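Trainee: Structure of the sequence below:
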Amino acid sequence: MNTEHTCPSCSADNMQVFYEQKSVPSNSCILLDSAKAAIEYPRGDIELCFCPECGFISNMAFDAKLTEYSGRYEETQGFSGTFNKFHHALAERLIERYDLHDKDVLEIGCGKGEFITMLSELGNNRGVGFDPGYRADRNASESAQKNVTFITDFYSEKYSDYQADFLCCKMTLEHIHPTSDFINTVRRSIGDREDTIVFFQIPESTRILRDCAFEDIYYEHCSYFSPGSLARLFRSKGFDVISIETEYDDQYLTIEARPNNGSSQSAVLEQENDLESLKELVATFPKRLEEKLSGWQKQLDDMQASGNKVVLWGSGSKGVSFLATLDAGDKIEYVVDINPHRQGYYMSGTGQEIVSPDFLKEYQPDVVIVMNAIYCDEIGQDLKKRGLSPKIIAV
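Mentor: This next block holds a predicted model:
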């Protein structure tokens, strides 16, 4: 554990491992059509390293060749009313704040195209979305078909000719290991257009460290940022930081920035001063995590001993990580998801079938473990509609 690594964000050479997990599923959102395929899916290791110079955290055992982003990567959260309300409000806020009307907007890592479509529709903008997993058959918007160009590829230097007044990148940077190189690419593509606004959204790692949110540590997420480490990266690449905020019950971290010409820097924001608190959280993380995992193991063992039928609600990355970290494949028979495109497939690594909420009317679970507490009210209503009243436990 004493091996030192070079930070992919600031290039300091004294990153050290503080958390390891061996042989975890290397993809959480891939649609796998049999339990056998799911159990035998490729695995990789996690070695989380902390940089004491900039606060960045990275899985230095990450191998990009083990991940897959394609048409069978099913990541959308767009079937949740809770999420859609947040997503729509975010688009409206950015449009209003930066007067995004009749402008050129670009999204890196657009997924199934929901956000770039909203920016186009709500602001009458022209859009470009990049994502190898985009599927045209999933986007019914007439506006998107007319005003948005989708490129089923990773964004890179070869697309620098695509210029925009507003460039956004949501829930993508955490999937990229060479973070410094990537932000360099974004800055070079903007060039001297200093009016361009850049917006990034990623998981907030301070919460993960503070709460020992092990369900938010999984293979595809190789890069973890706090407010300070994210701002330090952007400032080092020629951006002024306009704002840093946490959203969605403090689960998401957002940064708004604009390029500068190198002659001056914007004032450091208060939330950027987080290095000392991060060091303390990292130092105590292994012990606190061990206690949390022991508590979950006892809960699951007790439920099994009592003969309780237990299901997970949420078949995405959090669910895969929960099952893999706790080695709980034999304690939970089914995983529920409201996304119809995930139903009938199987959980990577452990092989549970992903079922619809309607399946629970027949199964009659005693306990529903919710992978994200922000959805508890929505899930409670879904269960009540079906005449069900199991115990709900949020991770």
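Trainee: residues contacting Glu247?
Mentor: Counting by Cβ atoms under 8 Å, 6 or more residues apart in numbering, Glu247 makes contact with 86, 90, 201, 253-254. From N, CA and C alone the C-beta is placed, and that goes for glycine too.
Trainee: Pull the most distant pair out of the residues you listed.
Mentor: Phe86 and Leu253 (14.3 Å; Cβ to Cβ).
Trainee: Looking at those two, which one has more neighbours?
Mentor: Leu253 (27 against 17; other Cβ atoms under 10 Å).
Trainee: wait, the more buried one sits on Thr246?
Mentor: Yes. Here Leu253 reaches Thr246: they are 5.8 Å apart, a contact under Cβ atoms under 8 Å.
Trainee: okay, and the common contacts of these two?
Mentor: 204, 227.
Trainee: In helices, which of the contacts of Glu247 fall?
Mentor: 86, 90 (DSSP state H).
Trainee: pLDDT for the contacts of Glu247 - can I get that in a markdown table?
Mentor: Formatted as a markdown table, the contacts of Glu247 follow (pLDDT from 0 to 100):
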| residue | pLDDT |
| --- | --- |
| Phe86 | 98 |
| Leu90 | 98 |
| Gln201 | 98 |
| Leu253 | 98 |
| Thr254 | 98 |
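Trainee: Please tabulate the contacts of Glu247 in TSV and include distance to Lys384 as additional columns.
Mentor: Shown next, in TSV, are the contacts of Glu247 (distance: Cβ to Cβ, whole Å):
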residue	distance to Lys384
Phe86	22
Leu90	28
Gln201	32
Leu253	33
Thr254	33
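Trainee: With respect to Lys170, which of the contacts of Glu247 is nearest?
Mentor: Gln201 (4.3 Å).
Trainee: wait, the closest one sits on Tyr248?
Mentor: No. The criterion here is Cβ under 8 Å, and Gln201 misses it with Tyr248 at 9.1 Å.
Trainee: who's more crowded, these two?
Mentor: Gln201 (21 against 18).
Trainee: any idea how far Ala136 is from that one?
Mentor: According to Cβ to Cβ, to the nearest Å, Gln201 stands 24 Å off from Ala136.
Trainee: Gly113 too?
Mentor: 8 Å.
Trainee: Now do the shared contacts for the two.
Mentor: Common neighbours of Gly113 and Ala136, counting by Cβ under 8 Å, 6+ apart, are Phe150.
Trainee: which ones are touching the closest residue to Ser26 other than its chain neighbours?
Mentor: Nearest non-adjacent residue to Ser26, counting by Cβ to Cβ, 6 or more residues apart in numbering: Leu66, 3.9 Å away. Neighbouring residues of Leu66 by Cβ under 8 Å, 6+ apart: 26-27, 42-44, 219.
Trainee: which residues of the protein fall in helices?
Mentor: Counting by DSSP H, the helices of the chain are 35-39, 81-97, 114-123, 142-147, 179-190, 205-211, 227-236, 275-305, 317-326, 359-363, 376-385.
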